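Trainee: Sharing a sequence plus its predicted fold:
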Amino acid sequence: MVPLEWETWDGRKHELSTRPCRGCGAPVVWAQTANRKGIPLDPVPDPAGNLVIDTVNPDRSGGRLAVYVRPGERPGEPRYVSHFVTCPEAASFRGRAV
Ligand SMILES: [Zn+2]
């Protein structure tokens, strides 16, 4: 996959690689939630998203922490949507490891 450039809230840019979704083949970026579960994100920010990314350690996989935010929280940061929400094949793998 073509690496995408990921701009964090502080303006730093990180290259990140996507992996194809096992359901629909769309590129997704993997991050971790606060309880260390993997979560696939659509790589393109969406103002309606409910996740922001904290870059914990950009040099290591798992260094992206997905943080759930409410509307109005952390204004100005790009927001992302879980691919579980947008995947047309989500029903086929929901509840299983992706
Ligand atoms: Zn998908």
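Mentor: Received the coordinates, thanks.

Trainee: Can you tell me which residues in the protein are near the ion?
Mentor: Counting by Cβ under 5 Å from the ion, the positions of the chain adjacent to the ion are 21, 23-24, 26, 87. (C-beta placed from N, C-alpha, C; glycine too.)

Trainee: wait, what's in contact with Asp42?
Mentor: By Cβ atoms under 8 Å, 6 or more residues apart in numbering, the contact set of Asp42 is 26, 28-29, 80-83, 86.

Trainee: ugh, typo on my part, it should be Val69
Mentor: Here Val69 is in contact with 50-52, 79 (Cβ under 8 Å, 6+ apart).

Trainee: got the residues you listed as CSV, with secondary structure columns?
Mentor: CSV is the format used below for these (DSSP: H, G, I helix; E, B strand; the rest coil):
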residue, secondary structure
Asn50, coil
Leu51, strand
Val52, strand
Arg79, coil
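
Trainee: where in this structure is pLDDT low?
Mentor: 1-17, 57-62, 93-98 (pLDDT under 70).
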